[in-house]
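Q: Pasted the sequence and its predicted model underneath.
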Amino acid sequence: MRPHGRLSLRARLVRIGYRLFMKKSEADLSFDQIRQRFARMERMTPRPPRGTKTTSVSAGGVPGLLVETAASRPDRHLLYLHGGAYAFGSPQLYRHFTWRMANASRARVLIIDYRLAPEHPFPAGLEDAVAAWRWLIDNGAEPAGMTIAGDSAGGGLALAAMVKLRDEGLRLPAAAAVMSPWTDLALTGASFRTNAESDPMLIADDVPRFAAAYLAGADARHPYASPLYADVQGLAPTLIQAGGDEILRDDAVRMAEKMRAAGGDVELQIWPYMPHTWHLLAPVLPEAREAIGEIARFFLQRLG
């Protein structure tokens, strides 16, 4: 459950606002039209505070942004994978968030602009995540000081990346954190149905389209596409956070259960009434800042 605290007035207002303005079906919109919406959101995204250093990089051929604050240690690295149903999103859309992650975890944050579906379906995004990880190591990062994180599809991608890294014999991060992770592209979680009405943001009927675009005919239960079906032995200590009302809640719960059954170090936090990836509302939502603090606590404990 959520560590502590009561639902803030701002969280109550956010839930109402999401229902009124965000929870609208995108079934009639093309991928380009949805991306245009994201582009408008990007222009409205608050910029990081003065003193934040943001550098464009090519991480093993993958474009990305390296974000540092005064708190960032040169020996700490966080690879961040953004959400967006594997088809939308960008590092620029997260500029109000990545500096907070850098500050809280005292790390340099690399957020990559991985290739998106449907133009670049599975496993393109996974290949980009692994390439970025290799780039960090090739440039002097030590896995003992490295973490990986992601939200929504990016959370599933972070878990899948750890499975892939382990299978390739590469060293894993010291810790991982995934927020509202999409771990099951077969969409078999009970909450996908039971929370369809209560979820203040996501529309269950829209999700199969995005899964199909990413999979492009691949098996929805492929362990690199849906880490819920992977062998999770030996993965890094992982914090999993999800909202109690979201349709992907059981993607988080079942993933945590599977990792525990495999002997993993996993902490599951279900935050009642929080919307999908509420962390991104950190500029206005105290629960978002609290959740980021929980991620930092988890990382710093595992990083020593």
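A: Arrived safely. Just so it is clear, the model here is predicted, and its values are computed rather than measured.

Q: what sits against the nearest residue to residue 219 once chain neighbours are set aside?
A: Residue nearest to residue 219 in three dimensions, not counting chain neighbours: residue 225, with 7.3 Å by Cβ to Cβ, 6 or more residues apart in numbering. The way it works is simple: take the backbone N, C-alpha and C, and place the C-beta from them, glycine included. For residue 225, the contact set (Cβ atoms under 8 Å, 6 or more residues apart in numbering) comprises 122-123, 126, 160, 185, 214-215, 218-219.

Q: now those residues: which count as buried?
A: Listed as buried from these are 122-123, 126, 160, 185, 214-215, 218; burial here means 16 or more other Cβ atoms under 10 Å.

Q: for this protein, what spans make up the strands?
A: 53-59, 62-68, 77-81, 108-112, 146-151, 175-179, 238-243, 266-271 (DSSP state E).

Q: okay, those in JSON lines with mean pLDDT, mean neighbour count and distance to residue 165 next?
A: Formatted as JSON lines, the strands of the chain follow (pLDDT from 0 to 100; neighbours: other Cβ atoms under 10 Å; distance: least, Cβ to Cβ, whole Å):
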{"stretch": "strand 53-59", "mean pLDDT": "98", "mean neighbour count": "15", "distance to residue 165": "15"}
{"stretch": "strand 62-68", "mean pLDDT": "98", "mean neighbour count": "21", "distance to residue 165": "15"}
{"stretch": "strand 77-81", "mean pLDDT": "98", "mean neighbour count": "27", "distance to residue 165": "11"}
{"stretch": "strand 108-112", "mean pLDDT": "98", "mean neighbour count": "27", "distance to residue 165": "15"}
{"stretch": "strand 146-151", "mean pLDDT": "98", "mean neighbour count": "28", "distance to residue 165": "9"}
{"stretch": "strand 175-179", "mean pLDDT": "98", "mean neighbour count": "29", "distance to residue 165": "11"}
{"stretch": "strand 238-243", "mean pLDDT": "98", "mean neighbour count": "27", "distance to residue 165": "13"}
{"stretch": "strand 266-271", "mean pLDDT": "98", "mean neighbour count": "20", "distance to residue 165": "17"}
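
Q: Adding distance to residue 38 as columns, could you present those in CSV?
A: As requested, the strands of the chain are exported to CSV (distance: least, Cβ to Cβ, whole Å):
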stretch, distance to residue 38
strand 53-59, 19
strand 62-68, 16
strand 77-81, 16
strand 108-112, 15
strand 146-151, 14
strand 175-179, 18
strand 238-243, 21
strand 266-271, 25
